[in-house]
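Chemist: Compute the structure for the input listed below.
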Amino acid sequence: MARDGSGVHSLPAGYLAVTGQTVLPSNHNPPLEDLSAAITESIARTGVTAIVADIPFAGFRLTGLGDAQADTDALNRQTADDRYLYQGKGLLFGYTLSNNVADANNDIDIVAGVAKDDTGAVEIVLGSGLTKRLDGSWAVGTGNGGLDTGSKSINSSYHVFAIKRSDTGVVDSLLSLSATAPTMPASYDYKRRIGSILTNGSGNIIAFFQKGDDFSIAPITNYNSTANGALITQALSVPLGIVVIPKLISIMQQGTAGDATVQVAPVGFSAGAYIVNQTNLASDRNGVSFEGPPTNTSAQILFVTTVASGTITTGQLSTRGWIDTRGRDA
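Modeler: Predicted coordinates for the structure are as follows:
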């Protein structure tokens, strides 16, 4: 018998030879045949053995399992996470940004998070939150500078990156004017943009609130005119270098009775202009908060106030924030 039901192998009775005893075929052959059968039932490490039944592991693990290549391959944990849980560049959890309480003008706080790098190949895991300074050159660690190059600029967009060095696994954060190609610190070879912030005319970080992909700021007026206009390319107070959905407010007040409308559209798609505000009665004042069309990377949309008849005494368009998918749909 090769093995019993518990997998224990025993040689057949009478296999022991005694000194001076003639070895007979009946003593010699059965043990070898039994060993041959046992070896046949074993799994060859060269991979030539085909499994013919389920194998119970009794709570033990397969260790050192390679990455799955075919759909029918067994998955190790890393392959399973990559394929079924983290979905490439779609992974972005945590990494919420906020103005630092102690120095809101210059510093931002970043909560712990996990994200795939911008190629979708590597996880960048920030185990605990950190603070980075816009008014200091980058240095590793919380409370240190975060700027990749130069000094902070006024009226600018700064893009916040999670960065990682593959040799040590250290994760940190970096701020850059570039949305796609920050100047990386030495040995840091993976990055992922996790959000973007704005500075004002004094170079201070504009106060903001982030919830997921939604960024809110106090309304900033970008257009203020009572003229009857033509379709224009209108700049908004949203980050440059990326495409976002702007959160806008249109305020219009009618002076004399007539008809006035506000329309918006993506740059390059004037045929898609649509009405977001309209007034027609004397002293009629409308304020509409809405999500606008996607901006271009110059933070612009198409915009027009049309006064078909009568007059308006107020015509404003303001930005109150933006929606930024932060590379998950790239």
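Chemist: For the stretch 1-150 of the chain, give me the ranges with low pLDDT.
Modeler: Along the stretch 1-150 of the chain, the parts satisfying pLDDT under 70 run over 1-3, 5-7, 9-11, 13-17, 27-28, 71, 77-88.
Chemist: the strands in it, which residues?
Modeler: 92-94, 97-99, 107-110, 113-116, 123-126, 130-137, 144-147 (DSSP state E, counting those that start in this stretch).
Chemist: Gln210 is nearest to which of those?
Modeler: Closest approach to Gln210 among those is made by strand 97-99 (5.2 Å; C-beta to C-beta). The C-beta positions use only the backbone N, C-alpha and C, and glycine is treated the same way.
Chemist: Remind me what that closest one packs against, helices and strands.
Modeler: Contact partners of strand 97-99 among helices and strands, from 3 or more C-beta pairs under 8 Å, 6 or more residues apart in numbering; DSSP states H and E: strand 107-110, strand 190-198, strand 209-211.
Chemist: Any idea how many residues pack against Thr233?
Modeler: Using other C-beta atoms under 10 Å, Thr233 is surrounded by 12 other residues.
Chemist: Not counting its neighbours along the chain, what's nearest it?
Modeler: Spatial nearest neighbour of Thr233, chain neighbours left out: Gln300 (5.0 Å); criterion: C-beta to C-beta, 6 or more residues apart in numbering.
Chemist: I figured that neighbour hits Val267, correct?
Modeler: Yes - counting by C-beta atoms under 8 Å, Gln300 touches Val267, with 5.4 Å between them.
Chemist: any common contacting residues for those two?
Modeler: Residues touching both Gln300 and Val267 (C-beta atoms under 8 Å, 6 or more residues apart in numbering) are Thr233.
Chemist: thinking Pro219 is in contact with Leu248, fair?
Modeler: No - between Pro219 and Leu248 there is no contact under C-beta under 8 Å: 9.0 Å.
Chemist: These two: who's more crowded?
Modeler: Taking other C-beta under 10 Å, Pro219 and Leu248 do not tie; Leu248 has more neighbours (30 against 17).
Chemist: neighbouring strands for the host helix or strand of the more buried one, and are they parallel or not?
Modeler: Element membership for Leu248, per DSSP states H and E: strand 245-254. Paired neighbours of strand 245-254 in the sheet (DSSP bridges): strand 285-291 (antiparallel), strand 312-323 (antiparallel).
Chemist: chain center to it: distance?
Modeler: 30 Å (C-alpha atoms, centre = their mean, to the nearest Å).
Chemist: for stretch 31-42, same thing?
Modeler: On C-alpha atoms, centre = their mean, the centre of stretch 31-42 falls 55 Å from the chain's centre.
Chemist: How is this structure partitioned into domains?
Modeler: 25-85, 88-210, 214-323 (automatic domain parsing).
Chemist: how near is Ser318 to Ala282?
Modeler: Going from Ser318 to Ala282 by C-beta to C-beta, to the nearest Å gives 24 Å.
Chemist: more crowded one of these two?
Modeler: Counted by other C-beta under 10 Å, Ser318 and Ala282 do not tie: Ser318 has more neighbours, with 20 against 13.
Chemist: So in terms of bridging, what pairs with that one?
Modeler: Thr221, Ile249.
Chemist: check contacts around it.
Modeler: 219-222, 248-249, 251.
Chemist: Thr168 now?
Modeler: Contacts of Thr168 by C-beta under 8 Å, 6+ apart are Ser187.
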